[in-house]
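Enquirer: Okay, predicted coordinates and the sequence, questions at the end:
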Amino acid sequence: MRVAIIGQGYVGLTIAVDSAGAGHTVVGFDVNAELVKKLNSGHSHIEGITNSHLGSLIESGNYLASSNPSTLEGCEVIVIAVPTPLDDQRNPDLSFVHAAADLIAENVQSPTLVVNESTSYPGTLRREIASRISNIEHLYASSPERVDPGNTQWGTKNTPRLIGGLTPPAVAKAREFYGSFCDTIIEVSSPEIAEAAKIFENTFRQVNIALVNEFAQIADALGISGREVISAAATKPYGFMEFNPGPGVGGHCIPVDPSYLAHVANQVGVPATFIKRANEVNLAMPAYVVQRVIAGNGGSIASKSVVVVGVSYKANVADTRETPAAAVIDLLRENGAIVSWHDDLVGNWRGETTAPLKGDVAVLVTRHNGLDLAALQACGYVFDCTGTIAGVDGI
Ligand SMILES: NC(=O)c1ccc[n+]([C@@H]2O[C@H](COP(=O)([O-])OP(=O)(O)OC[C@H]3O[C@@H](n4cnc5c(N)ncnc54)[C@H](O)[C@@H]3O)[C@@H](O)[C@H]2O)c1
């Protein structure tokens, strides 16, 4: 099939490469001309996609990145994979989704299948996409992306894919497309079910992470190890699922998607109280970390050199969106510490560059592979947010 993927970020490039690998002819459309140039010269910006793999797909003619809207015309399938952030009031910002829908309305004259993979609340495909593209009778389906960046066990191929369509022909066409590179397709009765399933999955994670974050604080105050309790509880073979505490949540999904659900919940008059409380607990974790670091340093970190180690939101990825490391660094500075950060994967961030791993105090926020343990432990005091360094303070 001739396919266009609108948005060549984490999700869009992954789907583009996987579908191109299955033999489709794929245009990776993105408004970022710099990114398009980089991709066409064979440079991937995603950890899970190697330059050589991207290069071979370009060479075989199966993949081409473009900023030219005319490339969308004549595609059998057009997938939308654009950002769905929150605005200043933490309400859904669908401006990127609307722009993608308008792009299709203005540039596509032949009937096609339009699939939305961007995460949003139930009703988005029907009300925010299909209703904006009313000039042509296209097929419409929702197939929320479940990619977990950096996860080597679960990828596009073996993660079951949900499909909900506005009509049976839309579901059939989406099944034909996704079935060519995904092992398991699960049809649901409407796009709203697929959309809601995705945000409920992420809300489940957000709420459970908040629960263990709160529990870790209770356990510490009781003088027992929260992590040992969680490991012990996880020996129960049924009815328990292990989540681990940390310095907060980050990335494009867990801190953001639940607020999309809360938004529609409020509209229908059912307050999403768990989501609100989970946000509060997770957003307060950096303050808890800094308070523990101060306590561990005799009540003050003023004028101490502190190195924050690992500033991306998760191990072995360079993504710093919504990373709790930002608040940890800001709060350490507010308390008078001289703060640098060390993360060779991230390199440059917030106008600063990665610094050597040394200081009076080290706060390990995210542990990438290849961490220089000797350098970490040479710091006078270590606080570990990852639960992987024995014998030091941490959560
Ligand atoms: N990153 C993840 O782990 C993940 C996982 C599952 C679902 N999602 C969801 O997938 C969607 C995309 O997320 P992402 O992480 O890939 O975002 P991203 O920021 O990595 O990439 C989005 C890309 O879309 C481009 N773009 C923006 N507006 C555009 C437009 N009008 N036309 C063409 N291109 C446009 C941007 O230039 C950018 O390259 C979001 O809804 C997100 O919640 C993300």
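Expert: Nice, thanks for sending it over. Residues are numbered from 1 along each chain as shown.

Enquirer: Confirm L331 sits in a strand?
Expert: No: going by DSSP: H, G, I helix; E, B strand; the rest coil, the assignment for L331 is helix, not a strand.

Enquirer: can you pull the contacts of it?
Expert: P286, A287, V290 (CB atoms under 8 Å, 6 or more residues apart in numbering). For every residue, glycine as well, the C-beta is placed using N, CA and C.

Enquirer: For the last one, which non-adjacent residue is closest in space?
Expert: Yep, that's V290 we're talking about. Leaving aside its sequence neighbours, V290 sits nearest to L331 (CB to CB, 6 or more residues apart in numbering; 4.2 Å).

Enquirer: mind checking how far the one you found is from V293?
Expert: 9 Å (CB to CB, to the nearest Å).

Enquirer: just G7 next, same as before
Expert: For G7 relative to V293 (CB to CB), the value is 39 Å.

Enquirer: Any idea which residue of the protein lies closest to the ligand?
Expert: Per CB to the nearest ligand atom, G9 is where the chain lies closest to the ligand, at 1.7 Å.

Enquirer: and that residue, how many neighbours?
Expert: 17 (other CB atoms under 10 Å).

Enquirer: can you give me phi and psi for it?
Expert: Dihedral angles of G9 (phi, psi; degrees, to the nearest 10) stand at phi -90, psi -150.

Enquirer: pretty sure it contacts T84?
Expert: No: applying CB atoms under 8 Å as the test, G9 and T84 come out as separate, 11.3 Å apart.

Enquirer: list the buried ones in the longest helix seen in the chain?
Expert: In the chain, ranked by residue count with DSSP state H as the criterion, the top helix is helix 191-222. Across helix 191-222, burial judged by 16 or more other CB atoms under 10 Å covers 191-192, 194-199, 201-203, 205-207, 209-217, 219-220.

Enquirer: wait, doesn't I185 sit right on R161?
Expert: Yes: using CB under 8 Å, I185 is in contact with R161, at 5.4 Å.

Enquirer: So the two - more neighbours on which side?
Expert: With neighbours defined as other CB under 10 Å, I185 and R161 compare such that R161 has more, 23 against 17.

Enquirer: I'd like to know which residues of the stretch 51-200 of the chain are adjacent to the ligand.
Expert: 81-84, 96, 99-100, 103, 118-119, 145-147, 149 (CB under 6 Å from any ligand atom).

Enquirer: Out of those, who's the most crowded?
Expert: Neighbour max across those (other CB under 10 Å) = A81, 29 neighbours.

Enquirer: thought it was touching G12?
Expert: Yes: taking CB under 8 Å as the definition, A81 is a contact partner of G12 at 3.5 Å.

Enquirer: Identify the contacts common to these two.
Expert: I5, I6, E117.

Enquirer: Who are the contact partners of the second one?
Expert: For I6, the set of contacting residues under the criterion of CB under 8 Å, 6+ apart consists of G12, F29, D30, L72, I78, V79, I80, A81, V82, A100, L103, I104.
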